[in-house]
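J.: sequence plus the predicted model coming up.
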Amino acid sequence: MAMTLYQPFLDYAIAYLKDQLDLEPYPIPDGFKSKSALVGKGKRQAETLTTSEAFQSPKLRQIRAAHVQGGDALQVLNFVIFPRLNYDLPFFGADLVTLPGGHLIAIDMQPLFRDEPGYQEKYTQPIWEKFKAHQEHLPWGGDFPEEAQPFFSPAFLWTRPQETEVVEKRVFAAFDDYLKAYVKFVQEAEPISDRDRLAEIQHAQLNYLRYRAEKDPARGMLTRFYGPEWTEEYIHGFLFDLERNLPKESFL
Ligand code: DBV
């Protein structure tokens, strides 16, 4: 059953990251660890629970998950890793979404510098074979916002599986491969000290973050469940919080 379709993804990711990296907790602001609402009317009324988890490591500023559980037809895991600003690492981004209309899956290592050939060689080439293999079972999901394209790598997995079993098996396998490749990048990453490059990294991180916060596709859903005030604070104070933490995180 789809009741907790994405819990195994989350449990696995946290366990693997804890095993491979030196994880510490990342503070979650009051009111965001767990939030529930009753949604719908009468017999169709159901509880919708949103829980958050967050960690950090010496090279990763924030590893965070938002997990929405509202029954078989509403399951979401949004899992993103934001590197510290003195690494040129991509973001790890997974948006695993199950709505009444079906499953919608986005998995990528999202580039800071999409169009630098050297960057692609470093961070896309190593996953390319795996991407091609997974894409045979997880075909391109179509219809994708044009303006979002600069934020994705050529190895972006974007797919809308019909069957829940495909999510449990194929999507899980892809998530696993991308996470393992990402952790390897992290383990091999060297800090950047060149000031111009640090400025480019900070600029690219902010650009990505502002885009994600502004266009968050969950805004409508979260606002319906928990109201606009809670939702805006959740987005800017937790999900995409770099701007607020910039003074202490910046290397400039
Ligand atoms: N998406 C988020 C966060 C979510 C979340 C923080 C807390 O960035 C969920 C939850 N994504 C979510 C939901 C939907 C989508 C859709 C609930 C369905 C919205 C709806 O249909 O009502 C990738 N996610 C989408 C879409 C895209 C992405 C392109 C389709 C919506 C559209 O067409 O605009 N999210 C988007 C993205 C990444 C990502 C750029 C990177 C991996 O995480």
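T.: That came through fine.
J.: CA atoms for contacts and neighbours, from now on please.
T.: Fine.
J.: compute the number of surrounding residues for Pro25.
T.: Using other CA atoms under 10 Å, Pro25 is surrounded by 12 other residues.
J.: ok, now which ones touch it?
T.: Residues in contact with Pro25 (CA atoms under 8 Å, 6 or more residues apart in numbering) are 54-56.
J.: can you name the residues in contact with stretch 123-137?
T.: By CA under 8 Å, 6+ apart, stretch 123-137 touches 89-90, 109, 111, 153-157, 170, 174, 177-178, 181, 185.
J.: nearest spatial neighbour of Val76, chain-adjacent residues omitted?
T.: Among residues not flanking Val76 along the chain, Val97 sits closest, at 4.5 Å (CA to CA, 6 or more residues apart in numbering).
J.: which phi and psi does the one you found have?
T.: With angles defined as degrees, to the nearest 10, Val97 sits at phi -130, psi 130.
J.: for stretch 57-66, which positions count as buried?
T.: For stretch 57-66, the buried set under the neighbour-count rule, 16 or more other CA atoms under 10 Å, comprises 57, 59-66.
J.: and stretch 211-221, by the same measure?
T.: Neighbour-count burial for stretch 211-221, counted by 16+ other CA under 10 Å, picks out 212-213, 219.
J.: what's the closest of the residues you listed to the ligand?
T.: Arg212 (6.3 Å; CA to the nearest ligand atom).
J.: wait, what's in contact with that closest one?
T.: Arg212 neighbours (CA under 8 Å, 6+ apart): Phe240.
J.: ok, now how distant is it from Pro83?
T.: Going from Arg212 to Pro83 by CA to CA, to the nearest Å gives 15 Å.
J.: could you pull out the helices in the chain for me?
T.: Remark: helices assigned in the chain by DSSP state H are 7-20, 117-123, 128-137, 164-166, 172-188, 195-215, 219-226, 228-234, 242-249.
J.: for Phe151, give me its contacts.
T.: By CA under 8 Å, 6+ apart, Phe151 lies in contact with 110-112, 114, 208.
J.: now Pro228
T.: Contact partners of Pro228, counting by CA under 8 Å, 6+ apart, are Leu222.
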